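> Show me how the following folds:
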Amino acid sequence: MIEAAREGWSDLHPFDQLKEIERRSLGAEALDSRGDASVAVFTGLAFRLGSARLVAPMNEVDEVLRVPRCTRVPGAQSWVRGVANLRGTIVSVIDLGAFLGEPSVKEGPNARIIVVNNGGAPSGLLVNELVGMRHFYEDQAESQPPESGEQTDRYLTGAYRIEGTVWSVMSIPTLLADPRFAGASG
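Down below sits the predicted model:
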């Protein structure tokens, strides 16, 4: 039975496998932290940026990578780490912390790139740590996201609290539509 469930999965990228698992589970009931049957109202990819705990909707993320080798781009904004070759596709790598006026993300063993589609041209958002997929329930919703900082707040659309930790929801399309983001080249 396990082998039957794996058929066809070996051809999928690990992130696509996670998306398929999410798709299959959205219609199913899940147990929340109290053990009650309920359906998740929001599923997102949780990550850490400095001390902020953020989550991006799964449908706004293409994939997650370890930090690739980047080539600097002359004249680009200071928060642009450079460009990287992702299986033959050039991806701009943005230090999300520096872009938001926070400390730059240090490349370490936990740092990751969240690849998003920027109008057909992928962009990679450098974050401190990927936490993983999180399911949120209606009773975990906060009335508003906590204040993160003037530049970060404009991209937040909501928040959820799980076991005392608040996860702010970041709108990737709002981030990508920001004229500053579009003006990365200087």
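> Tell me the spacing between the residue nearest to Thr174 when sequence neighbours are not counted and Ser78.
Distances taken as Cβ to Cβ, 6 or more residues apart in numbering put Tyr155 closest to Thr174, at 5.1 Å, once the chain neighbours are dropped. Backbone N, C-alpha and C define where each C-beta goes, glycine included. Distance, Tyr155 to Ser78, using Cβ to Cβ, to the nearest Å: 19 Å.
> now swap in Ala46 and tell me
Relative to Ser78, and taking Cβ to Cβ, Ala46 is found at 27 Å.
> Who has more neighbours out of those two?
More crowded of Ala46 and Ser78, by other Cβ atoms under 10 Å: Ala46, with 19 against 9.
> CA atoms only: put the helix or strand where that one lies into PDB for me.
Counting by DSSP states H and E, the element that carries Ala46 is strand 42-49. Extracted C-alpha coordinates of strand 42-49, given in PDB (Å, rounded to 0.1, in the frame of the first residue of the first chain):
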ATOM      1  CA  PHE A  42      -5.400  28.800   6.200                       C
ATOM      2  CA  THR A  43      -2.300  26.800   5.300                       C
ATOM      3  CA  GLY A  44       1.000  28.600   4.700                       C
ATOM      4  CA  LEU A  45       4.700  28.200   4.600                       C
ATOM      5  CA  ALA A  46       6.100  29.500   7.900                       C
ATOM      6  CA  PHE A  47       9.500  31.100   8.100                       C
ATOM      7  CA  ARG A  48      11.600  33.300  10.400                       C
ATOM      8  CA  LEU A  49      12.900  36.700   9.500                       C
END
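> Next, give phi and psi for the residue nearest to the spatial centre of the chain.
The centroid of the chain falls nearest to Ala56 when counting by Cα atoms, centre = their mean (4.6 Å). Backbone torsions for Ala56, taken as degrees, to the nearest 10, come to phi -110, psi 140.
> Repeat that for Gly97.
Residue torsions, per degrees, to the nearest 10, at Gly97 are phi -60, psi -50.
> That one is in contact with Ser51, isn't it?
No - Gly97 lies out of contact with Ser51 (Cβ atoms under 8 Å); the separation is 10.7 Å.
> Give the residue from those two that has the larger number of neighbours.
Gly97 (21 against 9).
> residues touching the nearest residue to that one once chain neighbours are set aside, list them.
Spatial nearest neighbour of Gly97, excluding adjacent residues (Cβ to Cβ, 6+ apart): Val105 at 4.6 Å. For Val105, the contact set (Cβ atoms under 8 Å, 6 or more residues apart in numbering) comprises Leu49, Asp95, Leu96, Gly97, Ala98, Ala111, Leu126, Val127, Asn128.
> Would you mind measuring from the closest residue to His13 other than its chain neighbours to Gly44?
For His13, ignoring the flanking residues on the chain, the nearest one in space by Cβ to Cβ, 6+ apart is Glu63 at 6.5 Å. Glu63 sits 15 Å away from Gly44, going by Cβ to Cβ.
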